[in-house]
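**Q** everything below, folded, please.
(one chain, ligands or ions: 1)
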Amino acid sequence: MSFARLIKILLPIIFLLSPTVSAENPLESPSNMVDRPISWTEQREQLTLEYSMKHYGFARTTIEPQAVVVHWTAWGNAEGVIKFFDQEVNEDGEVQVASHFLVDRDGTIYRLTPETRLNRHAIGYNWCAIGIENVGGVDGREDLTVAQLNANVELIRYLHQQYPSIEYVFGHYQQKEARASGLFIEQVEGYYAEKPDPGEKFMHALKIMMSRDGLKFF
Ligand SMILES: [Zn+2]
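**A** You can find the predicted model right below:
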């Protein structure tokens, strides 16, 4: 058999076996995503390890994402939120809160930390959940925008593709119902805070828009 003929036979097989990249299966991150890393220092690493040990019983700074928790900032502008998350220590001397992503009102997605970083954004779930904050919800107003909704859909689809281990998506206000996932861990008794974010309307719309994505909502 000639080399040319062998290639002719093998080429379709190689094509079939190689991973497909198509319009239905994009591997790129969302086009409106911008890297905007908050500081990661030895002190923040140490405080994260302490938080993880205290609340989960194991000392880690990384996660294998199994859930996405959606939030609102209750703060009107992205810059103020980034500045706040950028502080390493909170007023109690513990690691400052932070989310992995911050979605601005025009749908711009800021990636603030690596997706596998253990960030403090949802009590009981930080060890396994990626956090998406949305700028809005000041005074509890359900005012997140359509651009934010579309950006959340695109971002969660991208994350689900990158991390097939992700099974659940829920709003911060659904933290109690989400215990049905079996993912909730909290070692400190009574450590809990009731949350309204990101509003029922937003989560309902997200659930409908993602009803065919193979993710579990509450
Ligand atoms: Zn929240």
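**Q** show me the helices in the protein, by range?
**A** Here the chain has its helices, by DSSP state H, at 3-17, 42-56, 78-86, 146-162, 200-209.
**Q** buried sites along the shortest one?
**A** Meaning helix 78-86. Across helix 78-86, burial judged by 16 or more other Cβ atoms under 10 Å covers 78, 81-82, 85. In short, each C-beta sits where N, CA and C put it, glycine included.
**Q** does it reach the ion?
**A** No. Judged by Cβ under 5 Å from the ion, helix 78-86 stays clear of the ion, getting no closer than 11.6 Å.
**Q** CA atoms only for that helix, dumped as PDB, please.
**A** Written as PDB, here are the backbone C-alpha positions of helix 78-86 (Å, rounded to 0.1, in the frame of the first residue of the first chain):
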ATOM      1  CA  ALA A  78     -17.600  47.100  40.200                       C
ATOM      2  CA  GLU A  79     -14.500  49.100  41.200                       C
ATOM      3  CA  GLY A  80     -15.600  49.400  44.800                       C
ATOM      4  CA  VAL A  81     -16.200  45.700  45.000                       C
ATOM      5  CA  ILE A  82     -12.800  44.800  43.500                       C
ATOM      6  CA  LYS A  83     -11.100  47.100  46.000                       C
ATOM      7  CA  PHE A  84     -13.000  45.500  48.900                       C
ATOM      8  CA  PHE A  85     -12.200  41.900  47.800                       C
ATOM      9  CA  ASP A  86      -8.500  42.900  47.200                       C
END
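**Q** identify all contacting residues around it.
**A** By Cβ atoms under 8 Å, 6 or more residues apart in numbering, the surrounding residues in contact with helix 78-86 are 36, 38-39, 73, 75, 96-99, 102, 104, 108, 110, 112, 133, 135.
**Q** just the residues you listed now: which is nearest residue 119?
**A** Of all these, residue 98 has the smallest distance to residue 119: 4.5 Å, by Cβ to Cβ.
**Q** who's in contact with residue 193?
**A** residue 123.
**Q** 6 Å instead, please
**A** The contact partners of residue 193, by Cβ atoms under 6 Å, 6 or more residues apart in numbering, come to none.
**Q** then residue 215?
**A** residue 169.
**Q** apply 7 Å and report the result again.
**A** Residues in contact with residue 215 (Cβ atoms under 7 Å, 6 or more residues apart in numbering) are 160, 167-169.
**Q** what do you get for residue 96?
**A** 85, 87-90.
**Q** how about residue 197?
**A** Contacts of residue 197 by Cβ under 7 Å, 6+ apart are 71-72, 74, 137, 171-173.
**Q** how confident was the prediction at residue 6?
**A** pLDDT, the model's per-residue confidence, is 47 for residue 6.
**Q** tell me which residue is most central in the protein.
**A** residue 130 (3.0 Å; Cα atoms, centre = their mean).
**Q** who does that residue form a beta bridge with?
**A** Beta-bridge partners for residue 130, by DSSP bridges, are residue 68.
**Q** next one: residue 130 from the ion, what distance?
**A** 13 Å (Cβ to the ion, to the nearest Å).
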